[in-house]
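A.B. asks: Return atomic coordinates for the entry below.
(one chain, ligands or ions: 1)
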Amino acid sequence: MYVSRLLLESLRSPRPRSCKQGIAASPQVSLRYFIHTFGCQMNAHDSERMAEVLRTHGATQASTLEDADLIVFNTCSVREKAEQKLRSEVGKLLPLKRARPDLVIAIAGCVAQQEGERLLKSIRHVDLVIGPDNLAELPALVVAHQAGAPPAVRTVFDLDNPEFLQAAPEPGTVPASVLVTTMKGCDERCSFCIVPTTRGPERYRPSSAIVDEIAQWVAAGALEVTLLGQTVDSYRDPCLAPPSSDDPDETQFPTLLRLIASKVPGLARLRYTSPHPRHATESLARTHGDLDVLAHHVHLPVQSGSDRVLRRMIRRYTRQEYIERTTRLRRFRPGLTLSTDIIVGFAGETDQDFAETLSLIAEIGFTSLFAFKYSPRPGTPALRLGDDVPEAVKSERLARLFELSEAQQRAHLQSLVGTTQTVLIEGPSKSGNMVQGRTQRNEIVHIGEARHLAHLAHGLVEVRIERANKHSLVAYSVANSETKPHRFLPLLQERQS
Ligand code: SF4
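C.D. replies: Residues are numbered from 1 along each chain as shown. Sure, this is the predicted structure:
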């Protein structure tokens, strides 16, 4: 496959450490765009940056798909379902395209990178196929297409001069919590995963650019930043000398966290996702102990509790190492909560392997988790291992796993009833008469009597937890409580002063 060959060639080259930040120059476009996003946080974040690129070049957002002149599907190929859904959604556009031949349909993201030219051949009404590293070129490709250029594929990794689209926060419009990219690509070779093929090798953003973007978000009103990377804790600053081979720190991620904390004191909360357990070093654990701004929660994907399965997945840590690393994180930051990702029914997973996953979930005491049934993906090394766990067994294991994790989550949430928590408000809850936010440890909290909170578009408040739901907590406004006066703490201002 062309992309794989390109990737292999790139991996044989020295790791790109460019300190330069390239931005493609593009012409103005006058159109209405609609972006449909599939998949992970990374894709959601790419879609936001793509929208910014289009707006910067004169485009405006369409309110519906039918109103748009450009429809972009930002795709995910990690799970089979997302890819099937993409094909079905694009298929539905055929009548619209026939009625409006000038409508531009683009497929971006991981499926675009993986399938390239094949997408143009298999879905004839698609005009553009654009990989995750080429999003900044979208306006130019659209202009060329509107001027009569044939359907085009642009899926080239920016290995020499990695480009990170810089956000442009507008004061008054920013959410409480934002994502900031620190790196792209992945150098791990997990046997089930297509990401190293679709996103390329690891490339890192200079720490100065990361700090600068965070400072801009905070100045515009954001309170919380989540650092984003496929293996976010493997970060190395391309503008610094790499750590020496005998440096126990191994990565420069803890240094980055400390730099952000010192350079952006107005930041209320800092999170990161997703770390790889291999890089959860002692230095990272120590940083959790030292920095109050770091959330007391880590989402650390484990995938399985069985060493045999972990080896087949090429995860490069053992169950025991995972336990030691999480224990160390909690030693430096007592009370830290952990969540994780689990794949159920991976090739060759026996009842015993699955029992070990359940026992690990109980031993670590994850407070929440994401779990999925294994589905082999084209182009991944695990394809040769087959898919020998019957669908019914996968479903049964998934149900047992959720039963355990939900019981743990319920018990954890119940233990917080009656406590006082600092909540970072993110906005109104779905019901409309409450606001919703998260604690330091990532528990979701719905705060009642929203009229008392109306002046807080988002902010940090201290509340008393009144009740636990299945997946969240309820905290009534303390002002209405007989037991304690209401306390909206201007915590952020205190921290800033
Ligand atoms: S660490 Fe493994 S699972 Fe995560 S993106 Fe890289 S290869 Fe995929």
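
A.B. asks: any weak-confidence spans in the protein?
C.D. replies: Low-confidence segments of the chain (pLDDT under 70): 1-26, 80, 82, 245-249, 449-458, 477-497.

A.B. asks: Could you chop this structure up by domain?
C.D. replies: Using automatic domain parsing, the domain parsing of the chain gives 23-154, 302-415, 420-496.

A.B. asks: Which among these is found nearest to residue 261?
C.D. replies: domain 420-496 (11.3 Å; Cβ to Cβ). Bear in mind the C-beta positions are built from the backbone N, C-alpha and C, glycine included.

A.B. asks: I'd like the domains of the chain laid out as TSV, including mean neighbour count and distance to residue 162.
C.D. replies: Below are the domains of the chain laid out as TSV (neighbours: other Cβ atoms under 10 Å; distance: least, Cβ to Cβ, whole Å):
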stretch	mean neighbour count	distance to residue 162
domain 23-154	18	8
domain 302-415	17	23
domain 420-496	17	30
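
A.B. asks: Can I get the ones you listed in TSV including distance to residue 197?
C.D. replies: Listed next are the domains of the chain as TSV, based on distance: least, Cβ to Cβ, whole Å:
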stretch	distance to residue 197
domain 23-154	6
domain 302-415	6
domain 420-496	31
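
A.B. asks: who wins for proximity to residue 267 among those domains?
C.D. replies: Nearest of the domains of the chain (Cβ to Cβ): domain 420-496, 9.0 Å.

A.B. asks: Just give the closest residue to the residue of the stretch 201-350 of the chain found nearest the ligand, not the sequence neighbours.
C.D. replies: Residue nearest to the ligand within the stretch 201-350 of the chain: residue 230 (4.2 Å; Cβ to the nearest ligand atom). Distance criterion Cβ to Cβ, 6 or more residues apart in numbering; nearest residue to residue 230, sequence neighbours excluded, is residue 186 at 4.0 Å.

A.B. asks: circling back to that earlier point, now render the domains of the chain as a markdown table, adding distance to the ligand.
C.D. replies: Supplementary listing: the domains of the chain in a markdown table, determined by distance: least, Cβ to the nearest ligand atom, whole Å:
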| stretch | distance to the ligand |
| --- | --- |
| domain 23-154 | 8 |
| domain 302-415 | 7 |
| domain 420-496 | 20 |
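
A.B. asks: Minimum distance to residue 202: which of those domains has it?
C.D. replies: Closest approach to residue 202 among those is made by domain 23-154 (12.8 Å; Cβ to Cβ).

A.B. asks: how about the residue nearest to residue 230, secondary structure?
C.D. replies: coil (DSSP: H, G, I helix; E, B strand; the rest coil).

A.B. asks: In this protein, where's the longest helix?
C.D. replies: Across the chain, the longest stretch assigned as helix under DSSP state H is helix 391-414.

A.B. asks: Restricting the selection to alpha carbons, write the helix or strand following that one to PDB.
C.D. replies: Helices and strands here follow DSSP states H and E; after helix 391-414, the next one along the chain is strand 420-428. The C-alpha trace of strand 420-428 is given here as PDB (Å, rounded to 0.1, in the frame of the first residue of the first chain):
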ATOM      1  CA  THR A 420     -17.400  19.700  49.200                       C
ATOM      2  CA  GLN A 421     -15.900  19.800  45.700                       C
ATOM      3  CA  THR A 422     -14.500  22.500  43.400                       C
ATOM      4  CA  VAL A 423     -16.300  22.400  40.100                       C
ATOM      5  CA  LEU A 424     -15.200  24.000  36.900                       C
ATOM      6  CA  ILE A 425     -18.500  24.900  35.200                       C
ATOM      7  CA  GLU A 426     -18.600  24.100  31.500                       C
ATOM      8  CA  GLY A 427     -22.100  25.300  30.700                       C
ATOM      9  CA  PRO A 428     -25.800  24.400  31.000                       C
END
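
A.B. asks: Determine the set of other helices and strands touching the next helix or strand after strand 420-428.
C.D. replies: Next helix or strand after strand 420-428 toward the C-terminus (DSSP H and E): strand 435-439. Counting contacts by 3 or more Cβ pairs under 8 Å, 6 or more residues apart in numbering; DSSP states H and E, strand 435-439 packs against strand 420-428, strand 444-447.

A.B. asks: so how far is the longest one from its chain's centroid?
C.D. replies: In this case it means strand 420-428. Centroid displacement of strand 420-428 relative to its chain, using Cα atoms, centre = their mean, to the nearest Å, is 21 Å.

A.B. asks: Work out the sheet partners of that strand and label each with its direction, please.
C.D. replies: Its sheet considered, strand 420-428 pairs with strand 435-439 (antiparallel), strand 460-464 (antiparallel) by DSSP bridges.

A.B. asks: could I get these as CSV with distance to residue 166?
C.D. replies: Output for these, formatted as CSV (distance: least, Cβ to Cβ, whole Å):
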stretch, distance to residue 166
strand 435-439, 26
strand 460-464, 27
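
A.B. asks: excluding its backbone neighbours, what's nearest residue 335?
C.D. replies: Counting by Cβ to Cβ, 6+ apart, the nearest residue to residue 335 once its immediate chain neighbours are dropped is residue 296, at 6.0 Å.

A.B. asks: Can you give me the separation between that neighbour and residue 241?
C.D. replies: Relative to residue 241, residue 296 is positioned 32 Å away (Cβ to Cβ, to the nearest Å).

A.B. asks: Looking at those two, which is more packed in?
C.D. replies: residue 296 (18 against 9; other Cβ atoms under 10 Å).

A.B. asks: who's in contact with that one?
C.D. replies: Contacts for residue 296 (Cβ atoms under 8 Å, 6 or more residues apart in numbering) come out as 288, 333, 335, 336, 337, 440, 441.
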